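Colleague: After the sequence you'll find the predicted model.
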Amino acid sequence: MGDRGPAWGAESLYPVGTFDTENMPSLPIRPSGYEYGEGWPDTFRTLAPMISIPVRLTFAEYERYWTFDKASIEEIRRLLRNVRELHIEIEPEAGHNISLSWSALSHHRKILTFSDRCIGLQAALSASSTLPRKPPIDG
């Protein structure tokens with residue numbers, strides 16, 4: 001099977017029928033949609049240091065839009081320095097649209113596990129902040 005372009009990658013990364021038009025739950029992409037991506041690196045560099053909630057980033061092994069070499073991952077970690085929990089992963093055998101690929105099940109399980117952990121962390125933090133505090137000991 002052939003290459004479906006940068007948004008998809010090799011057709012073999014996806015189940016048979018993924019690209020059949022009757023199975024596509026989407027509208028055509030407006031050409032202006034790509035303009036947003038051009039400014040994304042600068043926007044990310046500006047916003048990333050303001051983020052403090054847990055973050056999980058997944059790059060597809062055969063990703064063509066995002067750069068995820070060692071230097072890029074180190075820059076992402078540096079920019080997200082205020083994040084409570086940062087998890088960066090490369091999803092094997094996947095193209096840009098991981099959620100529609102053969103890797104989708106594994107990918108979504110990892111997302112749900114991360115979400116559960118975040119919910120548990122938030123619940124623990126909320127519980128600890130509502131516990132009665134002992135008065136300070138003067139001395």
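Modeller: Great, that's in hand. Numbering: from 1, shown residues only.

Colleague: Could you pull up the residues touching the residue most central in space within the chain?
Modeller: Among the residues of the chain, the one closest to the centroid is L57, at 3.3 Å (CA atoms, centre = their mean). Counting by CB atoms under 8 Å, 6 or more residues apart in numbering, L57 touches 76, 86-89. Backbone N, C-alpha and C define where each C-beta goes, glycine included.

Colleague: so where do the helices sit in this structure?
Modeller: 33-38, 40-47, 70-79, 104-130 (DSSP state H).

Colleague: Would you tell me which of those gets closest to R64?
Modeller: Among the helices of the chain, the nearest to R64 by CB to CB is helix 33-38 (12.1 Å).

Colleague: Next, the buried residues of stretch 73-92.
Modeller: For stretch 73-92, the neighbour count (16 or more other CB atoms under 10 Å) marks 75-76, 79-80, 83, 91 as buried.

Colleague: And the contacts of that stretch?
Modeller: 44-45, 48-61, 68, 98, 103, 106-107, 110, 114, 117-118, 121.

Colleague: Return the members of those residues classed as buried.
Modeller: Taking 16+ other CB under 10 Å as the criterion, what is buried in the contacts of stretch 73-92 is 48, 51, 54-56, 58-61, 68, 98, 103, 107, 110, 114, 118.

Colleague: Among these, which lie within strands?
Modeller: Judged by DSSP state E, the subset of the buried ones among the contacts of stretch 73-92 located in strands is 55-56, 58-60.
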